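> predicted model, plus sequence, below.
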Amino acid sequence: MDVHRLAPSLVFAALTACGGSADDSAEAGGGTIVFAVAGEPETLVPPSVMSVQARIPVDQIFEPLASPGPEGSTLGDAGFMPRLAASWRWSADSSTIDFSIDPTAHFHDGRRVTANDVKFSHELFVDPAVQSPNASSLPAIDSIVVVDSATVRVWFGDRSPERFFRLAANLLVMPQHLLASVDRTRLPESAFAQAPVGSGPYRFVKWERGATMELAADTTRTRNRALPERLLLRFVPDLNAGARSVAAGESDFIENLRPEGMALVAPDGPARVVEYASPDHGYLLFNTRSNGNRKAAHPILGERALRRALGMAIDRRAVVRNALDSLAVVSTGPFSRASWAADTTIAQIPYAVEAARALLDSLGWRDANGDGIRERHGRPLRFQVTVPSVSATRRQIAVTLQEQLRQVGVDAVIDVAEPAVLAPRLTQGKFDAFIHVWHGDASPSGIVQVWGGRDLAQSANFGWYASATVDSLLDLAGHEATRDRARTFYREAYEVIVQDAPAIFLWEPRTFALVHRRIKFDRLDGSGWWMGIPTWRIPAAERLPRDQVRR
C-alpha cells in the first residue's frame, strides 16, 4: 500500500495537465486502458481513502472545486482551473470566498451538484465520527454557508496563502442525497464506498474483488469529457507481476518499475519506459504509542533515545543498494527531492554500530541471557516490522533491516500484511513499525498531515508522533507568502523530525513507468500521474481488440 495524503491533498493536477497536443481530435476518443495495480483499494469513499491504489479510481469518479494549472502554484488562486466551480469571487477583505457551481455539473445518477453537496462534503471530511485521515489536509474554516442552490460561501479561519488550494483542490464533492443517512462511523464499509456515485469524468461500473475494477467515461458530460472510453484496473500481486503483465502486452500501464521489472523491457516489445519525477519517499515508521492502545506510550518505540539507537544501527545506503540498486537514492528527511522545500544538507543520525550498542547499553537494554537479543526488565528488545504483501521491494528491505538490527541485539520480526487488513491496522495503531511509502503533496505544507501532532485522530500521522516545536514551525512555514521565507521554517521542522527519529528515512525512488506504446500523453505529473488519464489518447490506427468496448 502506497499511502499518500489521502489522501490525498492529492487532488491538484488539472485535467489538461497531460493533454492538449495537436493530435487531439474526435478520433482520439475511445479505447480501453488497462492498469496493472499492485494491491487493491481499501475503499472508494473519499474521506477514508489512504492509498494510491484507491486514489487512482477515486480521482476519476469524484471532482474538487478547482485544480492548480500546469505551473503547479499553490499560493493564492492565480492559475487555478475550474472544475466543479465555474467561478469564484473573494470578499473585499479576503476573509470569505463564494464558489459558483457549474450549472452543467451533475452526479452520475443524474442529480445536479449543488452548494448543499459542497457544504455536506466538508462536514463529512471533518466529522470526528468519520476519522478521516484527510481532514488535516483541509484549511481552517469558520463556516460554510449555502447562499443559493448554486453558490456556497466559505469563511476561512486563517489567512494562509494556501487556504484556497487546500480547500478547492482537496475537497472532493460527494452526493448528499446518497450519503446523508449513512452511518458515518462505518463509512468505509458502506454500500456507497463499494459502488460510489460521483461527478467526475468516469463513472463506477463494477468491482470484482481480487481481480479487476471497471470505470466508464461519463458520456453525458459537456465539460472536460474524458477521451479513453473505459478504464480497467487489474489487481496484481506486486509491481514485478504488473511489469510482466505490461511487458507481455496484457496490460497498458504500471506506475513503477523495480529492478526485476526493468530487466523485462525489450527494445522491440509492446511497451516503453517513461521516467518521471516522483514525490514518493520511503521510511521505517515507528509507532510511538502502544500497539492498539493510543492512550499509552509504546513500551519500546515510544522512547526517543531508543529510536535514535536503531537509526545508528541501520546502514541506509546498503538498504537502498540491496533492494533497489540504482533505481533509488538515500532519503534525507520527511520530503522528496522533487519538493521546492527539499534540503539534502540536513544533518542525519549517523550510521555508527558501536555507538548504537553503547547507547542501548546506557538505556538498560543488555543481553543478559546470551541469546543475542537484548532485554530490559525482562522484556526482550523485540518488535514487529510490518510490510504490505504486494510490495516485493519492501519485503526485501525488511529482510535487510532485520539483519542489520540483529547485529546490535534487536529482534525485528517481519510481519507481512494483506492490503485489506493493513489500512485499518494503521489507522487504529495496531502495529509496531511499518515500512511506509508516502506520496507527497503538491505543496510541502502537506507534511502537516503526516507529522503534525495537533489532530492525531484525523490525520495520516499513523505513528502518533507529536512535537510542539514542529507544529509551530509548520504553522510559520504555511503562513509565509514567499517560498524563500517558508523554506527556512520547513528546514528547521525537518531537522527536528530527523533528530527525533519517529521514522528512519530510507529511500527516494527513481520512478519509471512502463507504458504500452499505443498510449499517448504529453507528460506524467509525479505528484499525481493518474490525474491526466482523461486526456490520454489511443490513436484509432493503433487500437487492439480490447479497445473495442461492447456493452
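It's in.

> dump stretch 315-323 to CSV, restricted to CA.
Only the C-alpha atoms of stretch 315-323 are listed here, as CSV (Å, rounded to 0.1, in the frame of the first residue of the first chain):
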residue,chain,number,x,y,z
ASP,A,315,23.2,1.3,7.1
ARG,A,316,20.7,3.2,4.8
ARG,A,317,23.0,3.1,1.8
ALA,A,318,23.2,-0.7,2.0
VAL,A,319,19.5,-1.0,2.4
VAL,A,320,18.9,1.0,-0.8
ARG,A,321,21.6,-0.7,-2.8
ASN,A,322,20.4,-4.2,-1.9
ALA,A,323,16.7,-3.6,-2.6
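
> model confidence over it, on average?
Average pLDDT, stretch 315-323: 96.

> give me the buried positions along that stretch.
For stretch 315-323, the neighbour count (16 or more other Cβ atoms under 10 Å) marks Asp315, Arg316, Val319, Val320, Ala323 as buried. Where C-beta positions appear, they are placed from N, C-alpha and C, glycine not excepted.

> surely the third one touches Leu401?
What it means is Val319. Yes. Between Val319 and Leu401 a contact is recorded at 6.6 Å, counting by Cβ atoms under 8 Å.

> Gly452 and Ala328: what is the separation?
Distance of Gly452 to Ala328, computed by Cβ to Cβ, to the nearest Å: 27 Å.

> cool, His439 as well?
Applying Cβ to Cβ, the value for His439 to Ala328 is 15 Å.

> and the pLDDT for Pro68?
With respect to pLDDT, Pro68 scores 87.

> pretty sure Arg394 sits against Val385.
No. At 9.5 Å, Arg394 does not count as touching Val385 under the criterion of Cβ under 8 Å.

> need the overlap of contacts for the two.
Ile435 (Cβ atoms under 8 Å, 6 or more residues apart in numbering).

> just the pLDDT at the spatially closest residue to Gly39 that is not a sequence neighbour, thanks.
Of all residues not flanking Gly39 in the chain, Val390 sits nearest, at 4.0 Å (Cβ to Cβ, 6 or more residues apart in numbering). Val390 carries a pLDDT value of 86.

> backbone dihedrals for Val390, please?
Here is the backbone geometry of Val390 (degrees, to the nearest 10): phi -80, psi 0.

> max-length helix in this protein?
When the chain is scanned for its longest helix (criterion: DSSP state H), the result is helix 483-500.

> what does that one contact?
304, 307-308, 332-335, 340-341, 343, 346-349, 444, 447, 451, 465, 467, 469-470, 473-474, 476-478, 480, 505.

> now it: average pLDDT?
On average, helix 483-500 scores 96.

> for that helix, buried residues please.
Neighbour-count burial for helix 483-500 flags Ala486, Arg487, Phe489, Tyr490, Arg491, Glu492, Ala493, Tyr494, Glu495, Ile497, Val498, Asp500 (criterion: 16+ other Cβ under 10 Å).

> now those as CSV including distance to Phe99?
Below are these laid out as CSV (distance: Cβ to Cβ, whole Å):
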residue, distance to Phe99
Ala486, 26
Arg487, 31
Phe489, 30
Tyr490, 30
Arg491, 35
Glu492, 35
Ala493, 32
Tyr494, 34
Glu495, 38
Ile497, 35
Val498, 39
Asp500, 39
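
> nearest to Ala263, of those?
Val498 (34.4 Å; Cβ to Cβ).

> rewinding a little: for the buried residues of helix 483-500, which one is nearest Asp142?
Distance to Asp142, by Cβ to Cβ, is smallest for Ala486 among those, at 24.1 Å.

> now that closest one: how far from Asn170?
For Ala486, the distance to Asn170 equals 19 Å [Cβ to Cβ].

> could you say what helices and strands whichever strand or helix holds Arg308 packs with?
Assigned by DSSP states H and E, Arg308 falls within helix 304-313. Packing partners of helix 304-313 (3 or more Cβ pairs under 8 Å, 6 or more residues apart in numbering; DSSP states H and E): helix 353-362, helix 392-406, helix 483-500.

> redo that, cut-off 7 Å
Contact analysis of helix 304-313 by 3 or more Cβ pairs under 7 Å, 6 or more residues apart in numbering; DSSP states H and E lists helix 353-362, helix 392-406 as its packing neighbours.

> immediately after the longest one, which helix or strand?
Okay, so that is helix 392-406. Taking DSSP H and E, what comes next after helix 392-406 is strand 411-417.

> about what we covered before: comparing the helices and strands packed on helix 304-313, which comes out most buried?
Stretch with highest mean neighbour count among those: helix 392-406 (a mean of 20; mean count of other Cβ atoms under 10 Å).

> helices or strands up against that helix?
Here helix 392-406 touches helix 304-313, helix 316-324, strand 382-388, strand 411-417, strand 433-439, going by 3+ Cβ pairs under 7 Å, 6+ apart.

> ok, which of these comes nearest Phe156?
strand 433-439 (26.7 Å).

> now that closest one and strand 411-417, what's the angle there?
Between strand 433-439 and strand 411-417, the angle comes out at 50 degrees (axes from the mean of the first three to the mean of the last three Cα atoms, to 10 degrees).

> what pairs with strand 433-439, and is each one parallel or antiparallel?
Its sheet considered, strand 433-439 pairs with strand 3-4 (parallel), strand 280-286 (antiparallel), strand 382-388 (parallel) by DSSP bridges.

> what pLDDT, on average, does it get?
Mean pLDDT, strand 433-439: 93.

> and the contacts of that strand?
2-4, 10, 52, 279-287, 301, 383-387, 394, 397-398, 426, 450 (Cβ atoms under 7 Å, 6 or more residues apart in numbering).

> so which strand or helix has the closest residue to His479 other than its chain neighbours?
Spatial nearest neighbour of His479, chain neighbours left out: Ser160 (5.5 Å); criterion: Cβ to Cβ, 6+ apart. Per DSSP H and E, Ser160 falls between elements, in no helix or strand.

> show me what contacts Ser160?
Residues near Ser160 by Cβ under 7 Å, 6+ apart: Pro139, Gly478, His479.

> try it again with 10 Å
Applying Cβ atoms under 10 Å, 6 or more residues apart in numbering to Ser160 gives the contacts Leu75, Pro139, Ala140, Arg166, Ser445, Asp475, Gly478, His479, Glu480, Ala481.

> pLDDT wise, what is it at?
According to the per-residue confidence, Ser160 scores 89 in pLDDT.

> any idea how far it is from Leu476?
Distance, Ser160 to Leu476, using Cβ to Cβ: 11 Å.

> low pLDDT regions in the stretch 251-400 of the chain?
Low-confidence segments of the stretch 251-400 of the chain (pLDDT under 70): none present.

> which residue ranges form the strands in the stretch 151-300 of the chain?
For the stretch 151-300 of the chain, the strands defined by DSSP state E, counting those that start in this stretch occupy 151-156, 202-208, 212-217, 230-236, 253-254, 271-276, 280-286, 289-290, 293-297.

> not counting its own residues, what contacts the last one?
So that's strand 293-297. In contact with strand 293-297 (Cβ under 10 Å, 6+ apart) are residues Asn287, Thr288, Arg289, Ser290, Gly302, Glu303, Gln428, Gly429, Lys430, Leu456, Ala457, Trp464.

> what about burial for those, which qualify?
Buried, going by 16+ other Cβ under 10 Å: Asn287, Thr288, Arg289, Ser290, Gly302, Glu303, Gly429, Lys430, Leu456, Trp464, out of the contacts of strand 293-297.

> format those as JSON lines; extra columns: distance to Gly372.
Converted to JSON lines, those look like this (distance: Cβ to Cβ, whole Å):
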{"residue": "Asn287", "distance to Gly372": "24"}
{"residue": "Thr288", "distance to Gly372": "26"}
{"residue": "Arg289", "distance to Gly372": "28"}
{"residue": "Ser290", "distance to Gly372": "26"}
{"residue": "Gly302", "distance to Gly372": "24"}
{"residue": "Glu303", "distance to Gly372": "21"}
{"residue": "Gly429", "distance to Gly372": "29"}
{"residue": "Lys430", "distance to Gly372": "28"}
{"residue": "Leu456", "distance to Gly372": "36"}
{"residue": "Trp464", "distance to Gly372": "31"}
